[in-house]
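**Student:** model the following, please.
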Amino acid sequence: MTDDTTPITLLDGGMGQELVARSPDEPTGLWSSKIMMDHPHLVSEIHREYFLAGADVATTNTYAVHRDRLAAHGLDHLFEDLHRQGCRLAGEARDAAGRGLVAGSLGPLGWSYSHDGAPPADRAAELYNEICAIQRDHVDVFLIETIASVEQATGALQGAIGNGKPVWLALSVDDADGANLRSGEPLTDLAPVLAKTRPDAILLNCSTPEAIEDGIAVLSGFQLPFGAYANGFTRIETYFLKADSAVDGLKARQDLTPAAYADFVDGWLDHGASIVGGCCEVGPAHIAEISNRLGRRAA
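**Tutor:** The predicted model follows:
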């Protein structure tokens with residue numbers, strides 16, 4: 001169990017699906033990046049709502065800002081500007097709230113939930129280092145998200161570590177067996193990488209809360225601060241594993257109410273998690289419920 005003296009960091013919830021729900025435009029393969037280009041006020045609004053809900057962290061809307069994704073739409077020239085914009089919007093929300101951290105989101109190379117199409121670790125390290133060089137003066141921590149394989153983790157950590165900020169690594173696990181990465185590799189296969197790179201925290205993210213229940217016990221064996229933030233999708237459709245897919249075909253669960261989600265979070269905390277929050281389809285109401293329960297725990 002988490003010791004009563006252990007500080008709990010409450011992450012925000014999902015950004016991309018909140019933007020899709022609020023935007024008047026049809027989703028594209030650019031996902032949240034396109035909405036930030038056309039409707040930046042929506043990003044600011046969502047950051048503000050998460051702080052009001054009790055979150056301690058604003059995660060930058062830069063998850064999908066990668067050169068290959070932008071180049072497919074002839075927008076690679078906006079790469080640096082979009083990273084700076086995402087950092088600025090999160091920073092403004094943090095400053096307006098008068099508290100909290102900005103986490104620089106480093107999404108997976110290739111495509112979410114799939115290790116296919118990602119560059120080898122040495123090339124990935126170069127690409128992540130480029131992003132970190134842009135973000136490091138504007139964020140408090142780098143949050144590597146939705147990593148699906150050991151090699152992806154290796155490249156991302158090599159690129160992020162050494163840029164002067166703490167690094168949190170978030171892994172996406174198999175929805176049928178949360179003790180395995182989405183690549184099929186056991187979570188325990190990460191041990192040599194973590195021993196060499198020593199990130200500041202290790203998390204599970206964007207998997208079902210049930211799968212995270214299976215994987216959270218494995219994280220406790222790495223002797224690092226750990227935690228989780230699950231998604232609220234019914235399942236990850238096969239079509240979405242291909243590059244430039246839009247998110248409108250991914251469906252939200254109807255049973256994952258704020259109270260039901262917070263029940264899962266309570267279980268992670270009981271296992272020793274110290275960083276918790278939400279991912280896709282987990283919104284401000286869910287974060288508010290977790291915040292309320294954390295207040296009761298501390299009372």
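**Student:** after the helix ranked longest in the chain, next one along is what?
**Tutor:** The helix that spans the most residues within the chain, counting by DSSP state H, is helix 79-97. Following helix 79-97 in sequence order, the next helix or strand is strand 101-106 (DSSP states H and E).
**Student:** that older thread, so which elements touch the longest helix of the chain?
**Tutor:** Contacts defined by 3 or more Cβ pairs under 8 Å, 6 or more residues apart in numbering; DSSP states H and E place helix 79-97 against helix 32-38, helix 40-53, strand 57-59, helix 67-71, strand 101-106, helix 121-135. Every residue, glycine included, has its C-beta placed from N, CA and C.
**Student:** got JSON lines for those, with mean pLDDT too?
**Tutor:** Below are the helices and strands packed on helix 79-97 laid out as JSON lines (pLDDT from 0 to 100):
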{"stretch": "helix 32-38", "mean pLDDT": "92"}
{"stretch": "helix 40-53", "mean pLDDT": "98"}
{"stretch": "strand 57-59", "mean pLDDT": "98"}
{"stretch": "helix 67-71", "mean pLDDT": "92"}
{"stretch": "strand 101-106", "mean pLDDT": "98"}
{"stretch": "helix 121-135", "mean pLDDT": "98"}
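**Student:** and of these, who's closest to Asp200?
**Tutor:** The closest of the helices and strands packed on helix 79-97 to Asp200 is strand 101-106. By Cβ to Cβ, the value is 11.5 Å.
**Student:** so Tyr229 touches Ser172, yeah?
**Tutor:** No. Judged on Cβ atoms under 8 Å, Tyr229 makes no contact with Ser172 at a distance of 10.8 Å.
**Student:** which intervals of the stretch 101-250 of the chain have sub-threshold pLDDT?
**Tutor:** Residues of the stretch 101-250 of the chain meeting the criterion pLDDT under 70: 111, 113-115, 234-250.
**Student:** hmm, back to that, now the common contact residues for Tyr229 and Ser172.
**Tutor:** Common neighbours of Tyr229 and Ser172, counting by Cβ atoms under 8 Å, 6 or more residues apart in numbering, are 204-206.
**Student:** ok, those residues vs Tyr63, which is closest?
**Tutor:** Tyr63 has its nearest neighbour among the shared contacts of Tyr229 and Ser172 in Cys206, at 9.9 Å by Cβ to Cβ.
**Student:** tell me, how many residues neighbour the closest one?
**Tutor:** Neighbours of Cys206 under the rule other Cβ atoms under 10 Å: 30.
**Student:** buried residues, the longest helix of the chain. List them.
**Tutor:** By neighbour count with 16 or more other Cβ atoms under 10 Å, helix 79-97 contains the buried residues 79, 82-94, 97.
**Student:** same thing with stretch 187-206?
**Tutor:** Buried, per 16+ other Cβ under 10 Å, within stretch 187-206: 187, 190, 193-194, 197, 199, 201-206.
**Student:** which one of the helices and strands packed on helix 79-97 lies closest to Ala288?
**Tutor:** The closest of the helices and strands packed on helix 79-97 to Ala288 is helix 40-53. By Cβ to Cβ, the value is 4.0 Å.
**Student:** that closest one versus strand 101-106: what angle between them?
**Tutor:** 130 degrees (axes from the mean of the first three to the mean of the last three Cα atoms, to 10 degrees).
**Student:** got the angle between helix 40-53 and helix 79-97?
**Tutor:** Counting by the same axes, to 10 degrees, helix 40-53 lies at 40 degrees to helix 79-97.
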